[in-house]
Structure formats: C-alpha cells, structure tokens
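> here you go, sequence then predicted model.
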Amino acid sequence: MNVQLEILLAGGDDANIDLIRRAFNKHPGGGSLRVARNAKEMHSLLREHAPDILIVDHNFQDGRVADFLRSQMSLLFPVVVMTTEDEPRINTDALQVGAAKFIPKSPSTLEHMPEIAQDVFVRWKMQGSRIPSGSSH
C-alpha cells in the first residue's frame, strides 16, 4: 500500500536534507517534502497544514524534541525522530512521549526514508494512533 504522503522534515544539516530530498525524488509516489529549518518555521508550517508525517532531527530545538512531543498531547500524525547518537536514553525519551519511530541518521537509512515513512504511516493508520516502535530500519 503506497500512499502519496505529505511530509514535513524539521531540522537536519544540509547534507542530510539533500539526501532525504533525493530519496523522495527517486521514489515513485514518495510524497511531497516540506522542510523547516527552525522551530518558528516548523510551527508556522504545522499551523498552515498538518502533514501526514513529521520527520524531526533529535537536535532540532536544541535537542528538546521530547519537550515538543510532550507539548503535543494529541498529534494528528506520526513523528519519526532522527539522531546521530545510538543512545538508549534518547530513544526511550522520544518514544515515551509519542514518537512513532527512532532512526539513526546514517546515509543508508536516510536513502530509505520514503519506505520508512510509508511503513510508519501505514502502521499508525492501522492502529489509529501513536505506535510504540523504537526499532530502526
């Protein structure tokens, strides 16, 4: 089941953003990608139109992604958290407050972001809410 997703990517360095953008451009039906470079831009884009999925860099908002998720008690979309660190505390914090998935920011993972987004979205829709899944792709 491939769904044309509207994705909001929040944060990340230019190289990772470009890699993710190329992955979505290569993937048939990969979806449309909007990028927020800072918290103000992300909040503005979220007010304008809720995405199907939010992919957010753990270091976005000075590493306070868990605080952002805590403030969003009833998200209308799943959230994927990316990090360069393989630290269980970060994984646990993000998942406990509502992230659907936690993934490493490796080139091989980012190249598969369209498939990861599809998988997370479909599972989230099937369950009708946030999904607890910390496994990486």
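That came in fine, so what should we check first? Residues are numbered from 1 along each chain as shown.

> tell me where the chain has strands.
Ranges of strands in the chain, per DSSP state E, are 6-10, 32-36, 53-57, 79-83, 101-104.

> which stretch among those strands comes nearest residue 125?
Of all the strands of the chain, strand 53-57 sits nearest to residue 125, with 10.4 Å by CB to CB. In short, each C-beta sits where N, CA and C put it, glycine included.

> with only the CA atoms kept, save that closest one in CSV.
Below are the C-alpha coordinates for strand 53-57, written out as CSV (Å, rounded to 0.1, in the frame of the first residue of the first chain):
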residue,chain,number,x,y,z
ILE,A,53,4.1,12.5,8.9
LEU,A,54,6.7,14.6,10.7
ILE,A,55,10.4,13.6,10.5
VAL,A,56,12.4,15.6,13.0
ASP,A,57,16.1,15.8,13.9
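
> so that strand versus strand 32-36, what angle?
Here strand 53-57 runs at an angle of 40 degrees relative to strand 32-36 (axes from the mean of the first three to the mean of the last three CA atoms, to 10 degrees).

> helices and strands around strand 53-57, which ones?
Packing partners of strand 53-57 (3 or more CB pairs under 8 Å, 6 or more residues apart in numbering; DSSP states H and E): strand 6-10, helix 65-71, strand 79-83, helix 113-127.

> and of the ones you listed, who's closest to residue 51?
strand 6-10 (4.0 Å).

> each with direction, which strands does the closest one pair with?
Paired strands of strand 6-10, with direction, are strand 32-36 (parallel), strand 53-57 (parallel) (DSSP bridges).

> what are the contacting residues of it?
The contact list for strand 6-10, computed with CB atoms under 8 Å, 6 or more residues apart in numbering, reads 17, 20, 24, 31-36, 42, 45-46, 49, 51-57, 60, 117.

> contacting residues around the residue most central in space within the chain?
The centroid of the chain falls nearest to residue 55 when counting by CA atoms, centre = their mean (1.7 Å). Contacts for residue 55 (CB under 8 Å, 6+ apart) come out as 7-10, 20, 79-80, 82, 113, 117.

> just flag the most distant two among those.
Longest distance between any two of the contacts of residue 55 is 15.2 Å, between 20 and 79; criterion CB to CB.

> for residue 109, grab the count of nearby residues.
When neighbours are defined as other CB atoms under 10 Å, residue 109 has 17 of them.
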